[in-house]
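>>> fold the following.
(one chain, ligands or ions: 1)
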Amino acid sequence: MKDGQTFNAQNVVSSTGIFNTYEKLIPPSVLERHQLHKQLKKVNPSVAHACLYIGLKGSPEALQLPKNNLWIYPEKGDNDSIVDRYLKDPKKHSQWFTFPFLPPKTRVGLSDIPPKYHRYNHLAAFDLVSQWQGTQWMKRGKKYERLKATMTKRLLEVLFKQLPHLKDKIDHHELSTPLTTQNFVNYKEGEIYGIDHTPERYKQKFLKPRTPIRNFYLSGQDIVSAGIGGAMFSGVVKASAMQGKNLVKKIYHSKK
Ligand SMILES: Cc1cc2nc3c(=O)[nH]c(=O)nc-3n(C[C@H](O)[C@H](O)[C@H](O)COP(=O)(O)OP(=O)(O)OC[C@H]3O[C@@H](n4cnc5c(N)ncnc54)[C@H](O)[C@@H]3O)c2cc1C
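Numbers count the residues shown, from 1 in each chain. Below you'll find the model as predicted:
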């Protein structure tokens with residue numbers, strides 16, 4: 001640890017993501033011995049993200065919020081070309097937006113979130129904010145705040161186009177940028193879904209719980225697939241590898 005303390009364990013598991021694990025936690029000499037640094041070159045971080053957190057005045061019922069997520073694609077074309085165009089020139093092009101509503105008691109596990117808070121996600125190029133890399137959260141300066149205000153305005157405009165009656169119902173909003181994600185969860189380019197989801201990635205045999213380092217295991221979304229479901233399932237796969245038992249089969253066949 002930073003303060004010099006040492007903790008010993010028979011087995012060690014890292015679920016901090018493949019880049020954090022290999023680039024920051026494992027000593028370079030161990031990486032080299034097992035040629036792990038070469039493996040990292042075969043994968044890339046997935047795309048960064050920004051999120052506008054919105055507090056609305058009124059309950060979802062009173063505001064007549066839809067009980068579904070909105071997926072908004074502002075430009076014509078297929079998803080891949082929209083994303084490519086955007087990443088090449090994020091100031092000129094638009095990208096997709098999702099607006100997940102949280103109607104009370106309809107989303108398992110999230111029922112304790114006050115119903116008036118909503119999340120509005122969108123894809124955001126890391127390049128937009130990379131010049132503020134290394135600055136402190138909440139103290140990144142006026143230019144950064146101006147960029148956040150522009151991004152917020154743009155997101156709200158898209159939202160109001162879909163739901164114009166929310167225009168005077170915004171109680172509070174706060175935008176997170178890729179730097180926020182980097183700051184709080186330590187993903188190197190502000191991505192929330194770990195490594196990129198390309199066919200190449202899914203062919204990589206090193207993305208599995210067992211590693212060449214004895215008693216050292218990997219878990220988390222990078223070894224199965226993105227998202228909460230992928231990360232949870234990676235826990236089952238990792239436990240199977242550690243115990244030498246097919247726990248997937250056991251869970252699959254267990255009685256509810
Ligand atoms: C705003 C937001 C909204 C999201 N919405 C959804 C959604 O609706 N549905 C969905 O499926 N997924 C969503 N996700 C993505 C989801 O949170 C991730 O896919 C999931 O949490 C990945 O789980 P994980 O255990 O692999 O990694 P994480 O949950 O990212 O956990 C990794 C942990 O490692 C820690 N860490 C990093 N570096 C170090 C280090 N050097 N030392 C010690 N610890 C370290 C981090 O602090 C973090 O706690 C969202 C993410 C965000 C940020």
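
>>> helices of the protein, start to end?
18-19, 28-33, 36-40, 79-88, 142-162, 178-185, 199-203, 227-243, 247-253 (DSSP state H).

>>> and the residue lying closest to residue 50 once chain neighbours are set aside, how many neighbours does it have?
Residue nearest to residue 50 in three dimensions, not counting chain neighbours: residue 124, with 3.7 Å by CB to CB, 6 or more residues apart in numbering. All C-beta spots, glycine's among them, are computed from the backbone N, C-alpha and C. Per other CB atoms under 10 Å, the neighbour tally for residue 124 reads 25.

>>> ok, residue 124 - contacts?
The contact partners of residue 124, by CB atoms under 8 Å, 6 or more residues apart in numbering, come to 48, 49, 50, 90, 95, 151, 177, 178, 190.

>>> for residue 125, grab the count of nearby residues.
22.

>>> just the pLDDT for the nearest residue to it once chain neighbours are set aside.
Of all residues not flanking residue 125 in the chain, residue 90 sits nearest, at 3.9 Å (CB to CB, 6+ apart). pLDDT recorded at residue 90 is 76.

>>> what's the answer for residue 175, then?
92.

>>> I'd like the distance between the closest residue in space to residue 77 that isn't next to it in sequence and residue 225.
Excluding its sequence neighbours, the residue lying closest to residue 77 (CB to CB, 6+ apart) is residue 85, at 7.7 Å. In this view, residue 85 and residue 225 are 26 Å apart by CB to CB, to the nearest Å.

>>> what do you get for residue 128?
Separation of residue 128 from residue 225 (CB to CB) stands at 27 Å.

>>> what residues does the stretch 51-200 of the chain have near the ligand?
Residues of the stretch 51-200 of the chain lying near the ligand by CB under 6 Å from any ligand atom: 51, 181, 185, 186, 192, 193.
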